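# Build the 3D model from these lines:
(chains A and B)
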Amino acid sequence: MNRFLAEIEGRAFRIAWYATGNRDDALELVQEAMIGLVHRYGGRDAGQWPALFHTILQSRIRDWYRREKVRSRLRGWFGRGEPDDEDPLEQVPADPAGGPERQMESAQTLSAIDSAVRALPLRQQQAFLLRAWEGLDTAQTAAAMGISAGSVKTHYSRAVQALRERLEEQHHE
Amino acid sequence: MNDDDDPLIGRIRSALDEGAANLDGATRSRLAQARARALEPRHSHWRLWLPAGGAVFASVLAAVLWLGQPAPLPGNGFNGVADLELLTSNDGLELYQELDFYRWLEEEDVHAG
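All right, here's what the predicted structure looks like:
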């Protein structure tokens, strides 16, 4: 289990950070996912751990967005911006503001790809990361994200399209 | 085209791997701490409550035993201070055995007097 967590923690942090745009929140979400996996599914076959881990992590990310939505409404009520009635999970651009984490990227290519991934709407972004990076299949991705397999395919396809367009634009600039 | 053959996906995957591999030291340290915390054996809550629960159980048991004792029947059994006084007295037991006679005698004297 230790080896599995050590192997996955860096990528899990990046996935959570792409989603939240906040280093501390991302670390907290990863820790919660680790604890959930160890204590609830530690006895399961190790082959199931990646999908289970990402299912927990995605659940924590959704909870984070729900809390953010409540905070956003409160800010709206107290006159600091409009309350957001749209579904944040569907519409939110997962594009965190640049911060200290931004300094992690040095290479220009890495930076461009990083920006492009961060600019994707949350569900496209997470579907892409789980499918293309983590290697989950469509069914596993759907289970992890709590959506249908058809939605996964749609989000993934749109994500690839958006990334292609954006990176080609940047390449020509 | 299969995703694995798509050069764009391959490029993105490599960049993502590079980003994850080059996390700063502080983040790596926090992740290692999180992992250690997750792998700590979890103590069951009932074990933490065991001493307090034992004390409460002992108190309740003592109270039940104390309050549940049958009340001594009147004139039957050990009568505390009075019996103790009798047993430790220097007077002969005959005096106490004839106590009713002495009481009658005293009452007779009062009526006669």
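
# show me where chain A has helices.
A:2-20, A:23-41, A:49-77, A:88-91, A:108-119, A:122-128, A:138-145, A:149-172 (DSSP state H).

# Of those, which stretch is the most buried?
Ranked by mean neighbour count, these are led by helix A:122-128 with a mean of 26 (mean count of other Cβ atoms under 10 Å in any protein chain shown). Quick note: C-beta positions are derived from backbone N, CA and C, even for glycine.

# which secondary structure elements does that helix contact?
helix A:2-20, helix A:49-77, helix A:88-91, helix A:108-119, helix A:138-145, helix A:149-172 (3 or more Cβ pairs under 8 Å, 6 or more residues apart in numbering or on different chains; DSSP states H and E).

# avg pLDDT for it?
Averaged over helix A:122-128, pLDDT sits at 95.

# how far out from the middle of the chain is it?
7 Å (Cα atoms, centre = their mean, to the nearest Å).

# Repeat that for stretch A:118-135.
Distance, centroid of stretch A:118-135 to centroid of chain: 7 Å (Cα atoms, centre = their mean).

# Endpoint to endpoint, that stretch covers what distance?
End-to-end distance of stretch A:118-135 (Cα to Cα, to the nearest Å): 19 Å.

# If I average pLDDT within each of the helices of chain A, which one is lowest?
Of all the helices of chain A, mean pLDDT reaches its minimum on helix A:88-91 (a mean of 52).

# shaky segments in chain B?
Confidence mapping of chain B against pLDDT under 70 gives the ranges B:1-4, B:43-48, B:70-96, B:110-113.

# Ok, which of the helices of chain A comes nearest residue B:63?
Proximity to residue B:63 (Cβ to Cβ) singles out helix A:23-41 among those, at 39.0 Å.

# what's that closest one in contact with?
A:1, A:5, A:9, A:12-13, A:16-17, A:19-20, A:48-49, A:52-53, A:56-57, A:60-61, A:64, A:99-101, B:27, B:30-31, B:34-35, B:37-39, B:42 (Cβ atoms under 8 Å, 6 or more residues apart in numbering or on different chains).

# residues from chain B in reach of chain A?
B:3, B:6, B:8-9, B:11-13, B:15-24, B:27-28, B:30-32, B:34-35, B:37-39, B:42 (Cβ under 8 Å from any Cβ of the partner chain).

# need the residues of chain A near chain B, please.
A:1-2, A:5-6, A:9-11, A:13-14, A:23, A:27, A:30-31, A:34-35, A:37-39, A:104-107, A:109-110, A:113-114, A:116-117, A:129, A:131-133, A:160, A:163-164, A:167.

# what about residue A:121, how many neighbours?
Applying other Cβ atoms under 10 Å in any protein chain shown, we find 19 residues neighbouring residue A:121.

# try residue A:42
Residue A:42 has 14 nearby residues by other Cβ under 10 Å.

# Need phi/psi at it.
With angles defined as degrees, to the nearest 10, residue A:42 sits at phi -60, psi -30.

# Make sure it is actually in contact with residue A:1.
Yes. With contact defined as Cβ atoms under 8 Å, residue A:42 reaches residue A:1; the gap is 6.0 Å.

# and residue B:17, what does it touch?
Neighbours of residue B:17 in contact, by Cβ under 8 Å, 6+ apart: residue A:133.

# That one: which element?
Here residue B:17 is covered by helix B:7-21, with elements defined by DSSP states H and E.

# Can you pull out the residues in contact with the helix or strand that comes right after that helix?
Per DSSP H and E, helix B:7-21 leads on to helix B:25-39 as the next helix or strand towards the C-terminus. Under the contact criterion Cβ under 8 Å, 6+ apart, helix B:25-39 has outside partners A:1-2, A:5-6, A:9-10, A:13, A:23, A:27, A:30-31, A:34-35, A:37-39, B:23.

# Give the next helix or strand downstream of helix B:25-39.
Assigned by DSSP H and E, the successor of helix B:25-39 is helix B:45-67.

# how's chain A carved up into domains?
A:1-92, A:105-173 (automatic domain parsing).
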